[in-house]
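Novice: Okay, sequence plus prediction incoming.
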2 protein chains.
Amino acid sequence: MRLLATKHPNFAADFADLLTREGSAPQVGSAVAEIIARVRREGDAALLDYTSRFDRVNLTPETLRVSQAEIDTALACTSHELREALTLAARRIETFHKMQLPSGIEFTDDEGATCGMRWTPLDAAGLYVPGGKASYPSSVLMNAIPARVAGVRRLAMCVPAPHGELNPLVLAAAHIAGVKEIYRIGGAQAVAALAYGTASIRPVDRIVGPGNAYVAEAKRQVFGQVGIDSIAGPSEVLILADDSANPEHIAIDLLAQAEHDEDAQSILITTSGPLASAVASAVEALLPTLPRAAIASASWANNGAIILVHNWDEAVDLANRIAPEHLQLMLAEPDGLFSQIRHAGAIFLGHTTPEAVGDYVAGPNHVLPTSGTARFASGLSVYDFMKRTTYLSVPPHALAAIGPAAVALAEAEGLTAHARSVSTRLGKT
Amino acid sequence: MRLLATKHPNFAADFADLLTREGSAPQVGSAVAEIIARVRREGDAALLDYTSRFDRVNLTPETLRVSQAEIDTALACTSHELREALTLAARRIETFHKMQLPSGIEFTDDEGATCGMRWTPLDAAGLYVPGGKASYPSSVLMNAIPARVAGVRRLAMCVPAPHGELNPLVLAAAHIAGVKEIYRIGGAQAVAALAYGTASIRPVDRIVGPGNAYVAEAKRQVFGQVGIDSIAGPSEVLILADDSANPEHIAIDLLAQAEHDEDAQSILITTSGPLASAVASAVEALLPTLPRAAIASASWANNGAIILVHNWDEAVDLANRIAPEHLQLMLAEPDGLFSQIRHAGAIFLGHTTPEAVGDYVAGPNHVLPTSGTARFASGLSVYDFMKRTTYLSVPPHALAAIGPAAVALAEAEGLTAHARSVSTRLGKT
């Protein structure tokens, strides 16, 4: 953990260093390019071969897809408490994302031209769900429900099954979220199959969901053939806290982020030296009590930070420069700072709103822009599963009013056919 | 030009062939990677060297940026008619994009949790404008105005000046659109400078605008460091027309697309054999009268097509499979088909609404998804220059209601610190 203070002469360099993240190594790029090319060329055969090699499971075109019987079994194995929890989460996530549903626009202007824009859902979306240890049912809900709310007709989910094992809760969550088409594949080969299709898997229009460096690179490479969501980096939390906050609550929140993986980053910014010390001590005290202590310790040691600032203006400025994925405002009066935050994936207000309640059940999405990309990117939403078509209707009298300007500009650009496409119609009005 | 008919036995293969487009060659990828790496390493020095090599113009850090005097001169050289046309276009584009401005959401649910989402503009956007022959003032308006309407504070525009030449109308359009920060650079080096910054050019948050294969590949490679818009392919138009349409109007509209570049694609779908013949003849008659006949001929010969269908259901199905960038419905009653189109960048309704009027002055954006990407992508908009932050406020009684479900799910996922981050607060409520 690094202890920084804005009053230190080295602060600017230390702060820049804290935010330095590296992208995927070049060898990932060429390995992924080869996997994608082979899946495009050989289809299912390549998919089955890579799955056998990387996931140590031998599949056939018939067993690629998870059967309804397996989904039923997974549901039957899920405790009543967890089913209820997934259902409550699904209902709340659905409510929030329904509020996002956008309206089209249409208006007729003074010249008589009608301009409009309408939103329509994608035909098919691919959901990538990581396998193994980081296979989270909550992510299935967060990816699938916005797509379903958007009106996407077909959802195809890929989840790798290392050594043949699937997390039954992932299948239960898929069922609750209305996903029926599930393939037990992962990695760059799954992304390639979703983008280009094989004999067994029809292609989709957009692929969303987090994954390892190979999955992220594959999404980058298939971008253009299909849409993708943002390329996820390690998860991070930034907490701004004043003396009204409970240091043990801050400590467990920082560790909740740190337990995700060793690259995760937890940062506290405060004006209070005593709070900073108390949180640092509380983290050390809590760490050994966690089952994932090894991961959380490495994350906190390598990427964690506590930053002491003179005042809240400094804190807001740093927060906007970090553009955090998650921002907790553990302040007696969070509203004032809230309005000054320009860049953040999601903001959690007040002492009883830890990020974890948003990770699971609150309603807003937990798939959020990482590594400072909240400067330009947003969390997953219904908009990710819809697109807009603009439209235009120009009756003759409106063309007479605005057409000559189009002709002038087209001629100035040397595009004669454009100009004549308008002028030939003006002659007849 | 290919003449296809759905009744032909080979139609499926011919149609698939018509839509086959190839991506950029692999050597573009490595050349672009090297340019980006060198601009990141050497900054201005690399930028000036590449500009000297590729654009044959020798600049200094002081002359990289276009001066206010140059912009003033360009404005003074612009005819009154063109200034008026640009101003009319700018006003209409602004009106349309203001209608897009989204509202946030906020609601407090039955459990007492407040969920919200707010939209905020990017801090800085980079606008790439192609240079040389395809340097279009209309594209400056279409890229810059949505950014300004979104509330972006800083717009940085790059336009290459081959042999030192800049199109004065591009500078005039930039002035009218409110762009003051203009650099005379282009290619992958300009994209790298906008993404990573140099001593002379501060980095931006998102880069938009079309360019050649190097520019497109550079945008793909810097994606994640900054946001990008879609990667533009050749432009295309699809026209659906019935016997009520004027064949000469259809012909000039097809040629307006074809004159853009040799890779452009113009397709007519009709139920009427006589109309198909009349349009084919009209295209041949009009071609030699165009200044850009060589380009338009090559485009029409290699990529153009007329498709005869049995009925309008077939036409709608093909249109949705093409997912055209531009779709003209030159029908006596276009509304019925309009409602059945699921995938298109922009739709132009009726006989007096040629694409060209939308290209310049109507209001909707002319930067649109190409190559079938309208399946998942949309035209440029204010949304491209904004991002969303979700927020959450959970008072103690709401945490008591929904917290236990979060604890159950976190424990099921093996994320103990997540669970305790919620449960430690439940103890006190």
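Specialist: Thanks, I have it. Numbering: from 1, shown residues only, chains lettered A, B, ... in the order given.

Novice: mind showing which ranges of the stretch 301-429 of chain A have poor pLDDT?
Specialist: Residue ranges of the stretch 301-429 of chain A with pLDDT under 70: A:428-429.

Novice: got the residue ranges for the strands in it?
Specialist: Here the stretch 301-429 of chain A has its strands, by DSSP state E, counting those that start in this stretch, at A:305-308, A:326-330, A:346-349, A:386-393.

Novice: packing partners for the second one?
Specialist: With contacts taken as 3 or more C-beta pairs under 8 Å, 6 or more residues apart in numbering or on different chains; DSSP states H and E, strand A:326-330 sits against strand A:236-241, helix A:247-258, strand A:346-349, helix A:355-360. (Each C-beta comes from the backbone N, C-alpha and C, glycine too.)

Novice: Turn the strands of the stretch 301-429 of chain A into a markdown table, columns for mean neighbour count and distance to B:A374.
Specialist: Compiled in a markdown table, the strands of the stretch 301-429 of chain A are given as follows (neighbours: other C-beta atoms under 10 Å in any protein chain shown; distance: least, C-beta to C-beta, whole Å):
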| stretch | mean neighbour count | distance to B:A374 |
| --- | --- | --- |
| strand A:305-308 | 22 | 44 |
| strand A:326-330 | 28 | 34 |
| strand A:346-349 | 26 | 30 |
| strand A:386-393 | 25 | 7 |
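
Novice: Could you point out which of the helices and strands packed on strand A:326-330 sits nearest B:A177?
Specialist: When those are compared by C-beta to C-beta, strand A:346-349 sits nearest B:A177, at 32.9 Å.

Novice: With just CA atoms, put the closest one into PDB.
Specialist: The C-alpha trace of strand A:346-349 is given here as PDB (Å, rounded to 0.1, in the frame of the first residue of the first chain):
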ATOM      1  CA  ALA A 346     -20.900   4.300 -10.700                       C
ATOM      2  CA  ILE A 347     -21.200   6.400  -7.500                       C
ATOM      3  CA  PHE A 348     -22.300   5.000  -4.100                       C
ATOM      4  CA  LEU A 349     -23.600   7.700  -1.800                       C
END
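
Novice: how far does that strand sit from the chain's center?
Specialist: How far strand A:346-349 lies from its chain's middle: 16 Å, per C-alpha atoms, centre = their mean, to the nearest Å.

Novice: Is there contact, residue-wise, from it to chain B?
Specialist: Yes. Strand A:346-349 comes into contact with chain B (C-beta under 8 Å from any C-beta of the partner chain), by way of A:346-349.

Novice: So A:T95 sits against A:V361, correct?
Specialist: No. Counting by C-beta atoms under 8 Å, A:T95 sits too far from A:V361 to count as a contact (11.3 Å).

Novice: what about these two, which has more around it?
Specialist: Ranked by neighbour count (other C-beta atoms under 10 Å in any protein chain shown), A:T95 and A:V361 place A:V361 first, with 31 against 16.

Novice: Any figure for the gap between the more buried one and A:D263?
Specialist: Going from A:V361 to A:D263 by C-beta to C-beta, to the nearest Å gives 26 Å.

Novice: and the spatially most central residue of chain A, how far is that from chain B?
Specialist: When C-alpha atoms, centre = their mean is applied to chain A, the residue found nearest the centroid is A:V367 (3.4 Å). Distance from A:V367 to chain B, counting by C-beta to the nearest C-beta, to the nearest Å: 11 Å.

Novice: Contact partners for that residue?
Specialist: Shown in contact with A:V367 (C-beta atoms under 8 Å, 6 or more residues apart in numbering or on different chains): A:139, A:142-143, A:208-210, A:229, A:232, A:379-380.

Novice: about what we covered before: in CSV, list the helices and strands packed on strand A:326-330 along with distance to B:V222.
Specialist: Output for the helices and strands packed on strand A:326-330, formatted as CSV (distance: least, C-beta to C-beta, whole Å):
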stretch, distance to B:V222
strand A:236-241, 21
helix A:247-258, 27
strand A:346-349, 25
helix A:355-360, 30
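
Novice: Pop out the phi and psi values for the residue lying closest to A:R206 once chain neighbours are set aside.
Specialist: Closest residue to A:R206 apart from its sequence neighbours, by C-beta to C-beta, 6 or more residues apart in numbering or on different chains: A:G227 at 3.7 Å. Note on A:G227: its backbone torsions stand at phi -80, psi 160 [degrees, to the nearest 10].

Novice: wait, doesn't A:G227 sit right on A:L194?
Specialist: No. A:G227 lies out of contact with A:L194 (C-beta under 8 Å); the separation is 11.3 Å.

Novice: Would you mind telling me which of these two has more residues around it?
Specialist: Under the criterion of other C-beta under 10 Å, the comparison of A:G227 against A:L194 puts A:L194 first, with 32 against 27.

Novice: Point me to the helix or strand that includes the more buried one.
Specialist: helix A:187-196 (DSSP states H and E).

Novice: now A:R118
Specialist: Assessed by DSSP H and E, A:R118 sits inside strand A:114-121.

Novice: residues in the stretch 1-150 of chain A within reach of chain B, list them.
Specialist: Counting by C-beta under 8 Å from any C-beta, the stretch 1-150 of chain A comes close to chain B at A:23, A:81-82, A:84-86, A:88-89, A:92, A:95-96, A:99-100, A:102, A:105, A:107, A:109, A:113, A:115, A:117, A:120, A:122-123, A:133, A:136-138.

Novice: Drop anything exposed from these.
Specialist: For the residues of the stretch 1-150 of chain A next to chain B, a burial check counting by 16 or more other C-beta atoms under 10 Å in any protein chain shown picks out A:23, A:82, A:85-86, A:88-89, A:92, A:95-96, A:99-100, A:102, A:105, A:109, A:113, A:115, A:117, A:120, A:122-123, A:136-138.

Novice: low pLDDT regions in the stretch 101-250 of chain A?
Specialist: Short version for the stretch 101-250 of chain A, where the test is pLDDT under 70: A:133.

Novice: In it, which residue sits closest to chain B?
Specialist: Nearest residue of the stretch 101-250 of chain A to chain B (C-beta to the nearest C-beta) works out as A:G227 at 3.7 Å.
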